[in-house]
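Can you look at this prediction? I've put the sequence above it.
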Amino acid sequence: MVPLRFSTPRQLALALATAASLAGVTPLQAQANAAGPYLAARQADLSGDFARVVEYGTRALVDNPDRADILEGLVVAHTALGEVGKALPFAQRLTSINPDNQLAGLVLLGDALVSNDWDGAIALLEGGVSVAGMVDQMITAWASLGQGRMSQALEIFDALSADENTRAFAQFQKALALAHVGDFEGAASILSGDEGEMQLNRGGILAYAQVLSQLDRHADALELMNANASPRVDPEVDDIIARLEAGEVLPFTGITSPNDGVAELFYAVAESRSVDTDPTIALIFSRLAEYLNPKSATAILLSARLLERLKQHDLAVEAYGRVPDNSLLYQDAALGRTDVLRRSDRFDDAIAELTTLADAYPDTLRFRVALGDTLMQVDRFKEARAAYDQAIAGFTEDLPGQWATYFQRAIALTKLDEWPAAEADFRKALELSPDEPNVLNYLGYTYVERQENLDEALDMIERAVAVRPDSGYIVDSLGWVFFRLGRYDEAVETMERAVELVPVDPILNDHLGDTYWAVGRKREAWFQWSRALSFISDETDLTEIDPDRIRRKMEVGLDVVLEEEGAPPLHPAE
């Protein structure tokens, strides 16, 4: 295999995008073919439907067993589905056709590592399979450890530690390797920072605590855990603290095999690629990390989030559901899962799961908040208000981030026609976050609709526009308060800007029609009302806009409609 070296994950990604067409997820587009299965596989590939790529690509391969583009598509699809083992035969065939194919090489590398074929893994790296320069060397170090050649592994880690850019990561990997082979003194020396500054994440802190426990330094381990305690519910940490307090020696589980170390490397590459426009490349690496360490909650959660970005909702729900409930990431995964259910319009499922979670974790208020938010989406305002009540009752102190919960409850109360309580919550939200544009706009607009505190409403909405000048809805609110104040010329100018920002919103077009009527531009008013009617759809909130009222305005004009409603007539401000 011809060597193809890349110094960074980004360079690797670009190479893969060229070699395997991963960047556009279109490896089956390379050649035109009139065969039905091929075209169906190609269409599935374009839509990112991995399961259908497997279904039709496998059928297309029967008549075209050596088509490299079909093989690449199947390798991508199976790997993205988390079926690395099923991708293996296609990767092997693809390698026989194109020995330089990096995607196939990565799958073969993953299989060699899972099989503990350390010699084979090193041979693949030396033959040209590459993730990134530093990562390749670290994989070689872990494979060397698997071979029992610890001294060679340490030489690689030490060489990488000589470079300031890779020192911290290499030292951490070295500490894990030392602990894995029982050199806890050496691991503790590195993790303590004695050999250079060391920033530990949660996983590093847990590994260090286990190392200290193995050295019978339980007091130090407890001090470390308590010093880095999180306010969040963390069953794993609580269990570790309890065991340390009981004098139990903790086993070292930070790395249980060399493959755990390599899985961390693949996860790091996946995370670095997850910011890309196309998340498929990142998904391939996160799936490889899962393949090497099926218990890695971080890799599972990343795969789930990437699948969500790819709009593979069923796969994302399944992935989120695989994060174990004793993991710190379980609550994030549970919320991610219910969020995907909402995006899939499975509101009943989301509400049922959030209700169960809120009852099971009464101290985790974000489940109550998420339940309230979900109920709001299906207009179950009374139940939403109850969920927010329970969440707010659990607040022990005022924090800026709580504004959103008060704001959402205020909206629910408004829908329930409980205005004094709603107003109090709007005010509380602004007390916590005084310049929050959503609150300023909503409360200001509500005051306008209620014909209350119009001067204050104008000030609120002007502040909101200053923060979000390109929000058509907030600009519309400003135009509407001008209209209510009788400042019709200013209302026209502002409402025209709002409609430019959101051209197809029926409410904004209706408002612009009213402002045109107020300044005597009646033909244009009729046209805007007509546009407003054309934009009303099944998804339009008819509590916010009345199509019959618009039709009546088109028949007799706004002045007559106001008179019929017993509303004050139009009157320009002095």
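That came through, no problem.

What sits closest to L292 if chain neighbours are left out?
Leaving aside its sequence neighbours, L292 sits nearest to A263 (CB to CB, 6 or more residues apart in numbering; 3.9 Å). To be clear about C-beta, it is placed using only N, CA and C from the backbone, and glycine gets the same treatment.

I figured that neighbour was touching A299, is that so?
Yes - counting by CB atoms under 8 Å, A299 is a contact partner of A263 at 6.6 Å.

joint contacts of the two?
Listed as contacting both A263 and A299 by CB atoms under 8 Å, 6 or more residues apart in numbering are A289, E290, N293.

From these, which land in helices?
Of the shared contacts of A263 and A299, the ones assigned to helices by DSSP state H are A289, E290.

Redo the shared contacts of A263 and A299 as CSV? Include distance to Y445.
As requested, the shared contacts of A263 and A299 are exported to CSV (distance: CB to CB, whole Å):
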residue, distance to Y445
A289, 48
E290, 47
N293, 51
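
Counting by contacts, list what whichever helix in the chain runs longest packs against.
Looking across the chain with DSSP H, the single longest helix is helix 258-273. For helix 258-273, the elements it packs on are helix 9-20, helix 102-114, helix 133-146, helix 167-180, helix 280-292, helix 297-309, judged by 3 or more CB pairs under 8 Å, 6 or more residues apart in numbering; DSSP states H and E.

For the fifth one, what is the distance to the chain centroid?
The offset between the C-alpha centroid of helix 280-292 and the centroid of the whole chain comes to 16 Å, using CA atoms, centre = their mean, to the nearest Å.

can you map out the strands along the stretch 1-150 of the chain?
Counting by DSSP state E, counting those that start in this stretch, no segments of the stretch 1-150 of the chain form strands.

Out of the shared contacts of A263 and A299, give me the one that has the most neighbours.
Highest neighbour count within those, by other CB atoms under 10 Å: A289, with 29 neighbours.

what comes up buried for the longest helix of the chain?
Neighbour-count burial for helix 258-273 flags 258-273 (criterion: 16 or more other CB atoms under 10 Å).

Tell me which two of those residues sit farthest apart.
Greatest spatial distance among the buried residues of helix 258-273 (CB to CB): P258 and R273, at 23.2 Å.

Could you check the pLDDT of the residue lying closest to Q147 once chain neighbours are set aside?
Of all residues not flanking Q147 in the chain, W118 sits nearest, at 4.6 Å (CB to CB, 6+ apart). Looking at W118, its pLDDT reads 96.

what residues are up against W118?
Per CB under 8 Å, 6+ apart, neighbours of W118: A112, A143, S144, G146, Q147, P258.

Low-confidence ranges, the stretch 151-300 of the chain, go.
195-197, 230-234, 277 (pLDDT under 70).

Please repeat the previous calculation with a cut-off of 90.
Within the stretch 151-300 of the chain, the stretches with pLDDT under 90 are 161-169, 192-206, 218, 224-247, 253-255, 268-269, 271-280, 295.

wait, doesn't T494 sit right on S477?
No - when contacts are counted by CB under 8 Å, T494 is not listed as touching S477 (9.3 Å).

So between the two, which is more surrounded?
Neighbour totals were compared for T494 and S477, and S477 leads with 29 against 24 (other CB under 10 Å).

moving C-terminal of the helix or strand containing that one, what's the next helix or strand?
Using DSSP states H and E, S477 sits within helix 472-484. Note on helix 472-484: by DSSP H and E, the next helix or strand toward the C-terminus is helix 488-501.

Name the nearest residue to T166, ignoring sequence neighbours.
Per CB to CB, 6+ apart, closest to T166 is L160, 4.7 Å.

Next: I205.
In space, I205 is closest to N228, 5.2 Å off (CB to CB, 6+ apart).

Could you check how far the one you found is from V448?
Separation of N228 from V448 (CB to CB, to the nearest Å) stands at 50 Å.

A421 too?
The value you get for A421 to V448, if CB to CB is used, is 20 Å.

if you count what's nearby, which of the two comes out ahead?
For the pair A421 and V448, the greater number of neighbours falls to V448 (23 against 15), based on other CB under 10 Å.

and the more buried one, what helix or strand is that in?
Using DSSP H and E, the element containing V448 is helix 437-450.

Can you give the contact residues for that helix?
With contact meaning CB under 8 Å, 6+ apart, helix 437-450 is reached by 403, 407, 410-411, 414, 419, 423, 426-427, 429-430, 433, 453-454, 456-461, 463-464, 467-468, 471, 473-474, 477, 480-481, 484.

and what of stretch 174-188?
141-142, 145, 150, 153-154, 157-158, 161, 190-191, 207-208, 210-212, 214-215, 217, 252, 254-258, 261.

Got the domain ranges for this structure?
Using automatic domain parsing, the domain parsing of the chain gives 157-245, 470-574.

how about CSV for those, with distance to L108 added?
Listed next are these as CSV, based on distance: least, CB to CB, whole Å:
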stretch, distance to L108
domain 157-245, 23
domain 470-574, 49
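
Could you point out which of the ones you listed sits nearest N98?
Comparing those by CB to CB, domain 157-245 comes nearest, at 31.2 Å.

Figure out the length between the terminal residues of the closest one.
35 Å (CA to CA, to the nearest Å).

which SSE is the closest residue to A334 other than its chain neighbours in?
Leaving out its chain neighbours, the residue that sits closest to A334 by CB to CB, 6+ apart is L357, at 5.6 Å. Assessed by DSSP H and E, L357 sits inside helix 347-360.

Average pLDDT for that helix, rounded please.
95.

For the next helix or strand after that helix, output the C-alpha coordinates as CSV.
Note on helix 347-360: by DSSP H and E, the next helix or strand toward the C-terminus is helix 365-377. What follows is helix 365-377 as a C-alpha-only set of coordinates in CSV (Å, rounded to 0.1, in the frame of the first residue of the first chain):
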residue,chain,number,x,y,z
LEU,A,365,-34.9,20.0,37.0
ARG,A,366,-34.1,20.1,33.3
PHE,A,367,-36.3,17.1,32.7
ARG,A,368,-39.2,19.1,34.1
VAL,A,369,-38.3,22.0,31.9
ALA,A,370,-37.9,19.8,28.8
LEU,A,371,-41.3,18.3,29.6
GLY,A,372,-42.9,21.7,29.8
ASP,A,373,-41.3,22.8,26.5
THR,A,374,-42.6,19.6,24.8
LEU,A,375,-46.1,20.1,26.1
MET,A,376,-46.0,23.7,24.9
GLN,A,377,-45.3,22.4,21.4
